[in-house]
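Visitor: quick one, fold the following:
(4 chains)
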Protein chains: 2
Amino acid sequence: MKKHTITDVAELAGVSIKTVSRVINQEPNVRPSTHSKVSQAIAELNYRPSISARSLAGNRSYLLALLYDNPSASYVTDIQSGVLQTCRAQNYEVLIHPCEYQDPALEKNITDLVHNSRVDGLILTPPLTDSRPLLELMKRLDIPYVLISPSSNSVFEWAVGTNDQAICSEMVQHLCGLGHRRIAFILGHPDHSALANRYAGYQEGLKACGLKVSKQLCVQGFNSFESGEQCARKLLKLKQPPTAIFACNDDMAAGAMKVAHELGLDVPGQLSVAGFDDIPLASQIWPSLTTVKQPIQKMGEVAAELLLRRFRQQSAEKFERITKSQIVVRDSTGPAP
Amino acid sequence: MKKHTITDVAELAGVSIKTVSRVINQEPNVRPSTHSKVSQAIAELNYRPSISARSLAGNRSYLLALLYDNPSASYVTDIQSGVLQTCRAQNYEVLIHPCEYQDPALEKNITDLVHNSRVDGLILTPPLTDSRPLLELMKRLDIPYVLISPSSNSVFEWAVGTNDQAICSEMVQHLCGLGHRRIAFILGHPDHSALANRYAGYQEGLKACGLKVSKQLCVQGFNSFESGEQCARKLLKLKQPPTAIFACNDDMAAGAMKVAHELGLDVPGQLSVAGFDDIPLASQIWPSLTTVKQPIQKMGEVAAELLLRRFRQQSAEKFERITKSQIVVRDSTGPAP
DNA sequence: ACGCAGCATGACAGCGTTGTCAATATTCCT
DNA sequence: AGGAATATTGACAACGCTGTCATGCTGCGT
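Guide: Down below sits the predicted model:
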């Protein structure tokens, strides 16, 4: 199977290479009859334009970079597959670029990525989405980007947002509906300002139920399983321990559940636990975890679409909110004791 | 920060662009004094060669593709980060390419990848590593590749292998040492011939302990959590149920543990459970899971090194065996009842 | 000192596209 | 029909690098 070039196609179709180029790039002003001759030649030779030649001549790389600093493997792979799905359909490729958000070399790292690999645009996930230096750098480099679930004050950025707050409020109301009155909350990592929305939702939910926020019942977690354990220990040691714990992510919820097991507390008989994310773990621990499921893959898809749209300057809508999150009720929540 | 080209560097260093090219590509026959002049100019301008131009002219892309069809997010991300680590050091980039191993369009899919993106080589993970049509396709396309933990009969391929068999044997001996005599095994997906090594190790371990393999105690799983549940149910319904279950991966072990919980069996008091992989879940369920930890990231690193070495025809060693797997004893295994 | 085998360097032609701009067809007016 | 406006096409020069080959230099053996 020989590799064909645009010249082969042009000859076969009996047109100039420029016309073939027009067809490939969906440029206007090609007569339908010509267009079909060319398409046919392309199909016949199974021709694919050379990415390198295209990027050299056209000064773009057909490459996107996906930046992330997220410890959750399932989150990362879900985002990846969403982004890939959109990109494959549009003949873009994706470079993955894990990084560390407090790395002092991050800026140089990204600058090199942009200059060296000549990527056309960047997609960022939390917590990178809320790094002011990074945002400024990207503007300085004049590289298009899209943020995935940035903190709520970013509605003026190109981004795909979520309804975290509303869904968290709903979760609290669900717990309240089960009779719980002392509902604790384990906050997410303070550096991830996007997670603050979840806390806001928790507060909103309590308010909606006519309950008030108790300082004691809100403890600061750091997203990890271990920090979930620590927070749960602190909460369950209270003179008035909560009857339900809502953690800002599933890892911490799982940590809380482990502590409950260790303390001999029956879940959900004596303690209800809820998480957020619906990582695979959630359905695999025992009892399975009530949580919030976000359409993560879909968010990746939409982010890539937004970015590709941004390239084309179809600047219609910069911000898209995905509201398909839903509560998944499993076995870790039940009526208050 | 303007983008510099090879011409800028050549001017600054007072040499021709070809000499700069020689320095960049570490070609021989450059006088040390010239070399340092050029390197200095490169550093001064913070120059990076354009990937597209390089690949167009040199007919290679400095791009690797990582192919996988693996449901375990943590496995995938670990391999990715290993591969990336090696590649970053050598200025290669990585395209991730999830695919489906029984997809009839797979061959076309890969052919397109190779022809279209012009990647220089492929890295495959199980179960793709054991797809004969795929291996043949790659040879036909004449594209270099490296396999990660292929089934044991692939020692003549460019590959990085493991000591799955030995470590599984060891795990069985560990269980036997705890007094277990009825040790069940949940086999991995039959399509993943690489997993057959683990079963072989199980058998070897039994033999080493003077126990014999019982057909009843070996049940066919399919790698998923759910299939682990089913297998465990079958095993625990036996008139002579096992006192220990060794599952071919952690997901199935977790499924087995869930069933044990549901049946009110104490783990490890009445039943010991062991897995393989050490996915994050393993340490987050309760009780935490005894399992085998493989140096997955390292395997990714080595695979990429092997591939880059293959490009350079330093065909010294094609096959590298990583033997750093180790048993992690946690709370799910204990003395036989 | 002479001749020759390397070593070191440079000139220049691609690589396979896209962008620019000019040339040619076609359409739409009046 | 005549002419302007617009649609369609093509010729050709980039793009930034590597490969090839020619040239000039250096050092060695005699």
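Visitor: quick one: the helices in the stretch 201-337 of chain A?
Guide: Using DSSP state H, counting those that start in this stretch, the helices found in the stretch 201-337 of chain A span residues A:225-236, A:250-262, A:280-284, A:296-311.
Visitor: and the last one, how far out from the chain middle?
Guide: Think helix A:296-311. Chain-centre distance of helix A:296-311: 10 Å, with Cα atoms, centre = their mean, to the nearest Å.
Visitor: can I get that helix in PDB? Just the C-alpha atoms.
Guide: Taking Å, rounded to 0.1, in the frame of the first residue of the first chain, the C-alpha atoms of helix A:296-311 are listed here in PDB:
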ATOM      1  CA  ILE A 296     -17.200  13.400  32.500                       C
ATOM      2  CA  GLN A 297     -16.600  12.000  29.100                       C
ATOM      3  CA  LYS A 298     -19.200  14.200  27.700                       C
ATOM      4  CA  MET A 299     -17.500  17.200  29.300                       C
ATOM      5  CA  GLY A 300     -14.300  16.200  27.500                       C
ATOM      6  CA  GLU A 301     -16.100  16.000  24.200                       C
ATOM      7  CA  VAL A 302     -17.700  19.300  24.600                       C
ATOM      8  CA  ALA A 303     -14.500  20.900  25.700                       C
ATOM      9  CA  ALA A 304     -12.800  19.700  22.500                       C
ATOM     10  CA  GLU A 305     -15.700  20.900  20.400                       C
ATOM     11  CA  LEU A 306     -15.500  24.300  22.000                       C
ATOM     12  CA  LEU A 307     -11.800  24.500  21.300                       C
ATOM     13  CA  LEU A 308     -12.200  23.500  17.700                       C
ATOM     14  CA  ARG A 309     -15.000  26.000  17.300                       C
ATOM     15  CA  ARG A 310     -12.800  28.600  18.900                       C
ATOM     16  CA  PHE A 311     -10.100  28.000  16.200                       C
END
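Visitor: same for that helix, what does it pack against?
Guide: Here helix A:296-311 touches helix A:73-89, strand A:121-124, strand A:145-148, strand A:159-162, strand A:319-322, going by 3 or more Cβ pairs under 8 Å, 6 or more residues apart in numbering or on different chains; DSSP states H and E. C-beta: built from backbone N, CA, C; applies to glycine.
Visitor: next, count neighbours for A:Phe156.
Guide: Neighbours of A:Phe156 under the rule other Cβ atoms under 10 Å in any protein chain shown: 8.
Visitor: I should have written A:Ser283 there, sorry.
Guide: By other Cβ under 10 Å, the residues close to A:Ser283 number 17.
Visitor: likewise for A:Arg88?
Guide: Using other Cβ under 10 Å: A:Arg88 sits among 16 other residues.
Visitor: residues in contact with it?
Guide: Residues counted as contacts of A:Arg88 (Cβ atoms under 8 Å, 6 or more residues apart in numbering or on different chains): none.
Visitor: check contacts around the closest residue to A:Gln85 other than its chain neighbours.
Guide: What sits nearest to A:Gln85 in space, not counting adjacent residues and going by Cβ to Cβ, 6 or more residues apart in numbering or on different chains, is A:Glu301, at 5.5 Å. When contacts are counted by Cβ under 8 Å, 6+ apart, A:Glu301 touches A:Gly82, A:Val83, A:Gln85, A:Thr86.
Visitor: pull the contacting residues for the residue of the stretch 151-300 of chain A found nearest DNA strand D.
Guide: Closest approach between the stretch 151-300 of chain A and DNA strand D, counting by Cβ to the nearest atom of the strand: A:Trp158, at 26.8 Å. With contact taken as Cβ under 8 Å, 6+ apart, A:Trp158 is in contact with A:Pro144, A:Tyr145, A:Val146, A:Leu147, A:Leu306, A:Leu307, A:Arg310, A:Lys318, A:Phe319.
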